Structures are given as structure tokens and as C-alpha cells.
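Chemist: One predicted model, sequence on top.
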Amino acid sequence: MSITTITTENFETEVLQATQTVLVDFWAQWCGPCRMLSPIVDQIAEERPDVKVCKVNIDEQPELAERFQILSIPALLVLRGGEVVHSAVGARPKAFILGLLD
């Protein structure tokens, strides 16, 4: 499954109104840990078609980072039915992220 780039314009439709579990990765190009986490998030997108994987570049979408009080990146949010059910900050191993999804 592909990764959806999230903006303020498509956030409501792509994330809040999604029927499946959504994993949102808040990241920035300059962030080293974000670059470490990115391939893991990409793998999860390929391996878990039941999960919608999205990325938010906080430099391009500061309003979304502020809305979810993202103070450190990388930050992962898991949403179900438009509600945040799990969150994690920092580069995490794949097994940890999969655990957030189940």
C-alpha cells in the first residue's frame, strides 16, 4: 500500500474519516531520527494493507503539528475512528510500531 502525504487540506478526509486504522508519521527532512524511522514506516505500509500509513512534514504543515501538540519528532500517532489511540516519540523498532497497531 502506498503512503499518503497529509496536508491541512486532506487531513479530514484521509485521516479523520478513514475507515481503517491510520498510522501518521510526523517528520522533517532535517531530522536524523526521522530518516532512520522512514524505511520502517515504508515497510509497514507495504506489509500491512489493513493500515493506512500517512506522513506529515511538520515544516510544511505546522498547523497539524500544533493541533496534535507535536513537540519532538519523529512522532507516530495511531488513530481509529478519528481518535488517537496510541502515540510514540522517537525512532522506534518495527516490532514496537507493529505493537501499537494491534
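Modeler: Received, thanks. Numbers count the residues shown, from 1 in each chain.

Chemist: Enumerate every residue touching residue 47.
Modeler: Counting by Cβ atoms under 8 Å, 6 or more residues apart in numbering, residue 47 touches no other residue. The way it works is simple: take the backbone N, C-alpha and C, and place the C-beta from them, glycine included.

Chemist: tell me the average confidence for the helix or strand where residue 65 lies?
Modeler: Assigned by DSSP states H and E, residue 65 belongs to helix 62-67. Mean pLDDT, helix 62-67: 96.

Chemist: chain center to it: distance?
Modeler: 13 Å (Cα atoms, centre = their mean, to the nearest Å).

Chemist: List the buried residues of the helix or strand that it is followed by.
Modeler: Going down the chain from helix 62-67, the next helix or strand is strand 75-80, by DSSP H and E. The neighbour-count check on strand 75-80 (16 or more other Cβ atoms under 10 Å) flags 75-79 as buried.

Chemist: Which other helices and strands does strand 75-80 contact?
Modeler: Where contact means 3 or more Cβ pairs under 8 Å, 6 or more residues apart in numbering; DSSP states H and E, strand 75-80 is packed against strand 21-27, strand 83-89, helix 94-101.

Chemist: partner strands of the first one, parallel or antiparallel?
Modeler: The strands beside strand 21-27 in its sheet (DSSP bridges) come out as strand 51-57 (parallel), strand 75-80 (antiparallel).

Chemist: how close does residue 18 sit to residue 52?
Modeler: Using Cβ to Cβ, to the nearest Å, we find residue 18 at a distance of 5 Å from residue 52.

Chemist: what do you get for residue 93?
Modeler: Distance from residue 93 to residue 52, by Cβ to Cβ: 21 Å.

Chemist: Kindly report the same for residue 58.
Modeler: Distance from residue 58 to residue 52, by Cβ to Cβ: 19 Å.

Chemist: With residue 100 instead?
Modeler: From residue 100 across to residue 52, the span is 14 Å (Cβ to Cβ).

Chemist: Who has more neighbours out of those two?
Modeler: Using other Cβ atoms under 10 Å, the more surrounded residue of residue 100 and residue 52 is residue 52, with 21 against 16.

Chemist: what about the residue nearest to that one when sequence neighbours are not counted, neighbour count?
Modeler: Excluding its sequence neighbours, the residue lying closest to residue 52 (Cβ to Cβ, 6 or more residues apart in numbering) is residue 22, at 4.6 Å. Burial measure for residue 22: 25 neighbouring residues, criterion other Cβ under 10 Å.
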